[in-house]
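Student: Build me a structure from this.
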Amino acid sequence: MKIFYSEEHRNHYPSFEVFDGGKRVPYFENPDRMDRILAALKQTDWVELKEPEEFGLDPILAVHDKDYINFLASCWDEWLDSDPEVAASPETHAFLPATFALRRSTRPTASLRGRGGYYMMDLSACIVAGTYKAALVSANCALSAAKEVFSAQSSAFGLCRPPGHHAGKDYAGGYCYINNASVAANWLCAKGKTAVLDIDYHAGNGTQDIFYERNDVLTISIHGDPEFEYPHYIGFANETGAGAGLGFHKNYPLAKDTGDEGYLSALDDALKMIRQFAPGYLVVSAGMDTFDGDPLGTFRVTQNGFQEIGKRIASLNLPTAIIMEGGYANAALGENVRTLLENFK
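Tutor: Sure thing, here's the model as predicted:
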């Protein structure tokens, strides 16, 4: 299996993030995650690591607002130029706005902080010097996996960091800046009908946002119920698409402490829906934070559960682009990813 990966992700490493209640903590979405995954994959005899191709901005702008992408590109340098304290010690800083737009009837303003509050959903999408380039390369990893899936009619893995499924058309959030899975799915849907299956613990709000009014891409997300879990305002069962996309989106919000049995039951229903849609290609947003003991999740999925999840998704027999999303139990992360992927080799 071809695994598309770049060391560029290491340059995106904020020194902190802000949790609920203002608690400042080390950044959970860190380079150690990739090191654990790489170490586990290199122990196999079926992995071929590849550098991603450069696809330019067109596939990204096909799903993201141009002004938003321009904000990501310019934010850090603009902040550096405007704040002497940041310029004096940039390694200890990360750009975060203090005010967030309610988005009922608003627009981005001329000020950097105003644009930050408009284009950023929360306090985990910190921007540092290497964020934009890392996000671009991460998207290229996903696109390279999609291209391999199309050309070889097989499966491939985009080992993407930063992740993407919380990034909407014109906003960052949840460690995500460019929606890698959506960029890949949009690229693939020009080649044939495409479905997106999000198995991350948190609802794929950005993917839902991007495809919600479209009927050429089926999107499904299995996740912690937003009644108690991030992102809180999206991912409910009654959200099924709008306009032409009505009926082409499905959420499976699950209860706390959902284990293998409950998760697999929801997955089986999702796979039935994919079979009925009859796509030519599948994109999987592969978050491992459903794992029992993940610090950012409440599910109880085991490593045996990941084996069965991978087996059942692979039974669709579709060319599949698997895109890395979350997963923060780093000690087990590599083995969990390997266990999922070995079903697709």
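
Student: Could you pull up the residues touching the residue lying closest to residue 325 once chain neighbours are set aside?
Tutor: Excluding the flanking residues, the one nearest residue 325 by CB to CB, 6 or more residues apart in numbering is residue 287, at 3.8 Å. (C-beta placed from N, C-alpha, C; glycine too.) Residue 287 is in contact with 163, 165, 198, 199, 200, 201, 202, 325, 326, 327, counting by CB atoms under 8 Å, 6 or more residues apart in numbering.

Student: repeat that with 10 Å
Tutor: 163, 165, 198-202, 204, 222-223, 294, 296-297, 323-328 (CB atoms under 10 Å, 6 or more residues apart in numbering).

Student: Mind giving me the PyMOL select for these, buried ones only?
Tutor: Those of the contacts of residue 287 that count as buried under 16 or more other CB atoms under 10 Å are selected in PyMOL with:
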select buried, resi 163+165+198+199+200+201+202+204+222+223+294+296+297+323+324+325+326+327+328
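
Student: Tell me the confidence at residue 38?
Tutor: According to the per-residue confidence, residue 38 scores 98 in pLDDT.

Student: and if you look at residue 171?
Tutor: 97.

Student: do the same with the one 4 residues further on
Tutor: At residue 175 the predicted local distance difference test score is 98.

Student: And residue 163, by the same measure?
Tutor: 98.

Student: try residue 292
Tutor: On the pLDDT scale, residue 292 is placed at 98.

Student: OK, contacts around it?
Tutor: Here residue 292 is in contact with 257, 259, 260, 298, 299, 300, 301, 302, 303, 305, 329, 332 (CB under 10 Å, 6+ apart).

Student: Repeat that for residue 109.
Tutor: Neighbours of residue 109 in contact, by CB under 10 Å, 6+ apart: 101, 115, 116, 117, 118.

Student: so can I have JSON lines of these showing distance to residue 129?
Tutor: Output for the contacts of residue 109, formatted as JSON lines (distance: CB to CB, whole Å):
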{"residue": "101", "distance to residue 129": "25"}
{"residue": "115", "distance to residue 129": "18"}
{"residue": "116", "distance to residue 129": "16"}
{"residue": "117", "distance to residue 129": "21"}
{"residue": "118", "distance to residue 129": "22"}
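
Student: Now the terminal residues of stretch 295-312, how far apart.
Tutor: 26 Å (CA to CA, to the nearest Å).

Student: Could I get the buried residue list for that stretch?
Tutor: The neighbour-count check on stretch 295-312 (16+ other CB under 10 Å) flags 296-303, 305-310 as buried.

Student: in terms of contact, does residue 318 touch residue 155 like I think?
Tutor: Yes - applying CB atoms under 10 Å, one finds residue 318 in contact with residue 155, separated by 8.5 Å.
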